[in-house]
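1. Sharing a model that was predicted from the sequence below.
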Amino acid sequence: MTLDTADTLVVREVFGCTVQGEGPSTGRRCSFIRLGGCNLTCSWCDTPETWDAGRFDLRQTLTRTPVAEIVTRALQGDPGMVVITGGEPLLHQRKDGWHSLLGALILAGVEIEVETNGTQAPEEHTARWVTRFNVSPKLAHAGDPADKRIRPGALYALWETRKAVFKFVVRNDWDVREVQAFTAEHGIPPHLVWVMPEGTDTATISARLGDIADPAINAGFNVSTRLHVHAWGDEKGR
């Protein structure tokens, strides 16, 4: 495949090889492509430099980058999987650069995971080419109003691909109960749900993991830690 040199995407960073730190692919070697822009404003977001113009000069933190350059960097180290994250990456899916990016990664023979907040329905070409959608709906403690962070139509469209798993960031057993209510309301099977503790350091994650593990297991959910934080702390690009 010859990439159109005019195709670009707005990128915060491309990094790896590293490992996927969360969810069902935890521990797998991969690279990350972090795109700019988000439609939510989570209070605890660990990548606000991708969207928060009030705190960051987005002209400095984000760069419009040729897709050929993105792909070359993402494939360094021969990863078996590339994770496209953000921000909210599905905001880019109608751009020519998105089509080119997914096509090039498919031709390279890598699996593609997309991390999404669950408010954007996948386009047909996205649903066809992506290997897995890691859908992370935001709970009340994220701070946005429910009608902004919960879009049932988008959640159903992601579920309908049969490629979606659902990952929730929680702090305590109260949040686990909120996940139970959310998944029951939207018909999400518990075995497709991962809950993980909020935190950007090992001490916080370990303490919260102890609080949430039993309630999550009793609810039929899977439990995830944040492996990259245990390995590298809050260091960016790891």
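-> Right, received. Where do you want to start?

2. Quick check: next helix or strand after the top helix by length along the chain?
-> Secondary structure assigned by DSSP state H gives helix 202-218 as the longest helix of the chain. Using DSSP states H and E, the helix or strand that follows helix 202-218 in sequence is strand 222-223.

3. Can you name every helix or strand that that following strand contacts?
-> With contacts defined as 3 or more C-beta pairs under 8 Å, 6 or more residues apart in numbering; DSSP states H and E, strand 222-223 has these neighbours: strand 193-197, helix 202-218. In this view, the C-beta of every residue, glycine as well, is placed from N, C-alpha and C.

4. May I see the buried residues of stretch 110-125?
-> 110-122 (16 or more other C-beta atoms under 10 Å).

5. Residue ranges in this structure under the pLDDT threshold?
-> 1-5 (pLDDT under 70).

6. Go again with 80.
-> By pLDDT under 80, the weakly predicted segments of the chain are 1-6.

7. Any chance you could list what contacts the longest helix of the chain?
-> 170-173, 175-177, 179, 195, 197-199, 222-223, 225-226, 229-230, 233 (C-beta atoms under 8 Å, 6 or more residues apart in numbering).

8. Produce a ChimeraX select command limited to the buried residues of the residues you listed.
-> Only the buried entries of these go into this ChimeraX selection, using 16+ other C-beta under 10 Å:
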select :170,171,173,175,176,179,195,197,198,199,222,223,225,226,229
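
9. Let's verify the most centrally placed residue in the chain: helix, strand, or coil?
-> Closest to where the C-alpha atoms of the chain average out (C-alpha atoms, centre = their mean) is Glu115, at 2.3 Å. The local conformation at Glu115, judged by DSSP: H, G, I helix; E, B strand; the rest coil, is strand.

10. do the same with the one 3 residues further on
-> Using three-state DSSP, the secondary structure recorded for Gly118 is coil.

11. Return the residues in contact with it.
-> Counting by C-beta under 8 Å, 6+ apart, Gly118 has contacts Val135, Ser136, Pro137, Ile150, Arg151, Ala154, Leu155, Leu158, Phe166.

12. rewinding a little: format the helices and strands packed on strand 222-223 as TSV; extra columns: distance to Asp46.
-> Output for those, formatted as TSV (distance: least, C-beta to C-beta, whole Å):
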stretch	distance to Asp46
strand 193-197	12
helix 202-218	12
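
13. now the residue nearest to Glu88 when sequence neighbours are not counted: how far from Thr50?
-> In this structure, Glu88 finds its nearest non-sequential neighbour in Cys38, 4.5 Å apart by C-beta to C-beta, 6 or more residues apart in numbering. Distance, Cys38 to Thr50, using C-beta to C-beta, to the nearest Å: 6 Å.

14. do the same with Arg128
-> Counting by C-beta to C-beta, the gap from Arg128 to Thr50 is 26 Å.

15. Looking at the two, which is more packed in?
-> Thr50 (23 against 12; other C-beta atoms under 10 Å).

16. Hmm, that one is touching Asn39, no?
-> No. Judged on C-beta atoms under 8 Å, Thr50 makes no contact with Asn39 at a distance of 11.6 Å.

17. picking that back up, how about the residue nearest to the centre of the chain, what does it touch?
-> Val83, Ile84, Thr85, Gly86, Pro89, Asn134, Ser136.

18. same thing with Val135?
-> Per C-beta under 8 Å, 6+ apart, neighbours of Val135: Thr116, Asn117, Gly118, Leu155, Leu158, Ala164, Val165, Phe166, Lys167.

19. which two of those residues lie the greatest distance from each other?
-> Within these, Asn117 and Val165 form the most distant pair, 13.9 Å apart (C-beta to C-beta).

20. neighbours around Asp214, how many?
-> Based on other C-beta under 10 Å, the number of other residues close to Asp214 is 12.
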